[in-house]
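J.: A predicted structure for the sequence below; I have some questions about it.
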Amino acid sequence: MIEIRRHGRGGMGAVTASSVLVEAAYLDGMHGQAFPFFGAERRGAPVLAFTRIDKKPIRIHSQVYEPDIVIVLDPSLLEHVDVTAGLKEDGRIVINTTHPDEKRTEKRNVAYVNATQIARDLGLVIAGRPLVNMPMIGALVKATNVVTLDSALKAIYNRFAHRPKIAEANVNAAKRAYEEVKILRRKR
């Protein structure tokens, strides 16, 4: 089983990204589970979203305490939250940033992409805030192969199919992040 924990802020789409990733897993013939954890529901507050993917049915229904993968949608959270808490020794961190903070991610396998710029470039902005969730799916797929790119893109399109222009922009954002993500493998 692959367990993923997303760190974001309310309104960034962490919960939506978890659901889309589960649909991609289903398209790849796997089982999935997605659910959020947050306190006061307000835009900008820290949120967690969890995803599990497995080849067999998933029976566990708790938070993810020892993730294989951690995704950070807002790099400012690195200053306030230990995003690596419980991360498996061979786990990977996928961060929305222009360059990962060496001190906070040392001895970790890190992938990073400027999802904020990608979202802005493609007009994926609501109330002045870039929506980085779909670009981060593209980065995740390239960094981990947890699902296929084709299934991820189809799941993204399906999520926004009722608004084709938005669907296409999100698919393009994921493709661009897939191409632009940088992967660092650090020695322990």
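T.: Right, received. Where do you want to start? Numbering: from 1, shown residues only.
J.: for this protein, what's the longest helix?
T.: helix 164-180 (DSSP state H).
J.: Using CSV, write down the CA coordinates of that one.
T.: The C-alpha coordinates for helix 164-180 follow below in CSV (Å, rounded to 0.1, in the frame of the first residue of the first chain):
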residue,chain,number,x,y,z
PRO,A,164,-13.9,22.2,-20.6
LYS,A,165,-11.6,25.2,-20.6
ILE,A,166,-10.8,24.8,-16.9
ALA,A,167,-10.4,21.1,-17.4
GLU,A,168,-7.9,21.7,-20.3
ALA,A,169,-6.0,24.3,-18.2
ASN,A,170,-5.6,21.8,-15.3
VAL,A,171,-4.5,19.0,-17.6
ASN,A,172,-1.9,21.3,-19.2
ALA,A,173,-0.7,22.4,-15.7
ALA,A,174,-0.2,18.8,-14.7
LYS,A,175,1.6,18.0,-17.9
ARG,A,176,3.9,21.0,-17.5
ALA,A,177,4.7,20.2,-13.9
TYR,A,178,5.4,16.6,-15.0
GLU,A,179,8.0,18.0,-17.4
GLU,A,180,9.5,20.6,-15.1
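J.: Show the subsequent helix or strand relative to it.
T.: Next along the chain after helix 164-180, taking DSSP states H and E as the criterion, comes strand 182-184.
J.: So which elements touch that next one?
T.: strand 109-113 (3 or more CB pairs under 8 Å, 6 or more residues apart in numbering; DSSP states H and E). (C-beta placed from N, C-alpha, C; glycine too.)
J.: now the strand it packs on and helix 164-180, what's the angle there?
T.: Strand 109-113 and helix 164-180 are oriented at 130 degrees to each other (axes from the mean of the first three to the mean of the last three CA atoms, to 10 degrees).
J.: Now strand 109-113: average pLDDT?
T.: For strand 109-113, the mean per-residue pLDDT is 94.
J.: what about that strand, distance to the chain center?
T.: Using CA atoms, centre = their mean, to the nearest Å, the mean C-alpha position of strand 109-113 is found 11 Å from that of the whole chain.
J.: what comes up buried for it?
T.: 109-113 (16 or more other CB atoms under 10 Å).
J.: what about dumping the CA coordinates of the helix or strand V70 falls within to PDB?
T.: Assessed by DSSP H and E, V70 sits inside strand 69-72. The C-alpha trace of strand 69-72 is given here as PDB (Å, rounded to 0.1, in the frame of the first residue of the first chain):
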ATOM      1  CA  ILE A  69       5.100  10.300   0.200                       C
ATOM      2  CA  VAL A  70       4.500  13.800   1.500                       C
ATOM      3  CA  ILE A  71       3.300  16.500  -0.700                       C
ATOM      4  CA  VAL A  72       3.700  20.200   0.300                       C
END
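J.: Paired strands for the first helix or strand past it going along the chain, with orientation please.
T.: Following strand 69-72 in sequence order, the next helix or strand is strand 92-96 (DSSP H and E). Sheet pairing for strand 92-96, assigned by DSSP bridges, gives strand 69-72 (parallel), strand 109-113 (parallel).
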